[in-house]
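>>> Next input, structure requested:
(chains A, B and C)
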Amino acid sequence: MTRGRRLRRAFYARSPLELAPDLLNKVLVADGCAGRVVEVEAYCGSDDPGSHAYRGSTPRTEVMFGQAGHLYVYFSYGMHWCANVVAEQPGTAGAVLLRAVTPIQGIELIRSRRPTAKRPRDLCSGPAKLTQALGIDGSHDGADLVSAEQGLTIVDDGTPPPHRPGRSPRIGLTQGADRPWRWFVEGSDDLSR
DNA sequence: CCGCCGATCTTT
DNA sequence: AAGATCGGCGGG
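Okay, the predicted model is just below:
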């Protein structure tokens, strides 16, 4: 099993701009497998035109406005699931999109869930690849990472975030594309695109 | 390695 | 009609 200290509510309950870089090198644990977070993006609320929460709470985005430390999972392009860690205080929208992880446990299971992957770096190097690899889907929307009741959590195994993480604009956006709110582990083989 | 394009369906 | 994506295909 993956060893490490589970993150507490207070770790999540702050601005996504602060939370995002601190999630780098933490370990996302799912049922039977785990991956080290190497790439994330921050999404805010009414002040962020790139965010699903920009125009207020809807049935889809209500989790983003709820308690920090839960998972916001949405359906993308009619066929993919993407997972975000909810930040901020209840009532204020904020989340961090998990864009890439390095598989560190349950590699066989991960490979079986990612049959199109030709090389190791194809397994979890994208927001929809990692959800498929770790078995995350719409049934996990709203899952609490702090209680880990649905088998999903994030732990600190003692690996600190990078002293100086890589940083860039967010990927795949037209609105809010100027904001440098993507952070990544420089030199990782498992980054997206 | 890079760019283009189709798949597929929810949300606006 | 566009979208917080992916994978296959063709070209260099």
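
>>> Near DNA strand C, which residues of chain A are found?
A:41, A:43, A:50-53, A:64, A:72, A:74, A:76-80, A:82, A:84, A:95, A:97, A:114, A:116-118, A:122, A:126-129, A:170-175, A:192 (C-beta under 7 Å from any atom of the strand). Glycine gets a C-beta too; all of them are placed from N, C-alpha and C.

>>> Need the three-state assignment for the residue lying farthest from the centre of chain A.
Centroid-distance maximum for chain A: residue A:118 at 23.3 Å, with C-alpha atoms, centre = their mean. Under DSSP: H, G, I helix; E, B strand; the rest coil, the three-state class of residue A:118 is coil.

>>> So for it, what's the pLDDT?
Note on residue A:118: pLDDT of 96.

>>> just residue A:55 next, same as before
On the pLDDT scale, residue A:55 gets 96.

>>> Show me how far stretch A:60-74 is from its chain's centre.
Distance of stretch A:60-74 from its chain centroid, counting by C-alpha atoms, centre = their mean, to the nearest Å, is 12 Å.

>>> just stretch A:19-38 next, same as before
Taking C-alpha atoms, centre = their mean, one finds stretch A:19-38 lying 8 Å from the centre of the chain it belongs to.

>>> Could I get the CA-only coordinates of it as PDB?
What follows is the C-alpha trace of stretch A:19-38 in PDB, where atoms were taken according to Å, rounded to 0.1, in the frame of the first residue of the first chain:
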ATOM      1  CA  LEU A  19      -3.200  25.100  -3.400                       C
ATOM      2  CA  ALA A  20      -2.200  24.200  -7.000                       C
ATOM      3  CA  PRO A  21       1.600  24.300  -6.600                       C
ATOM      4  CA  ASP A  22       1.400  22.600  -3.200                       C
ATOM      5  CA  LEU A  23      -0.400  19.600  -4.800                       C
ATOM      6  CA  LEU A  24       2.700  18.800  -6.900                       C
ATOM      7  CA  ASN A  25       4.400  15.600  -5.800                       C
ATOM      8  CA  LYS A  26       1.500  14.600  -3.500                       C
ATOM      9  CA  VAL A  27       0.100  11.100  -4.200                       C
ATOM     10  CA  LEU A  28      -3.400  10.600  -5.600                       C
ATOM     11  CA  VAL A  29      -4.600   7.200  -4.200                       C
ATOM     12  CA  ALA A  30      -7.400   5.300  -5.900                       C
ATOM     13  CA  ASP A  31      -8.600   1.700  -5.400                       C
ATOM     14  CA  GLY A  32      -5.600  -0.500  -6.000                       C
ATOM     15  CA  CYS A  33      -3.400   2.100  -7.600                       C
ATOM     16  CA  ALA A  34      -1.800   5.500  -7.100                       C
ATOM     17  CA  GLY A  35       0.000   8.300  -9.000                       C
ATOM     18  CA  ARG A  36       2.300  11.200  -8.100                       C
ATOM     19  CA  VAL A  37       0.900  14.500  -9.200                       C
ATOM     20  CA  VAL A  38       3.200  16.200 -11.700                       C
END
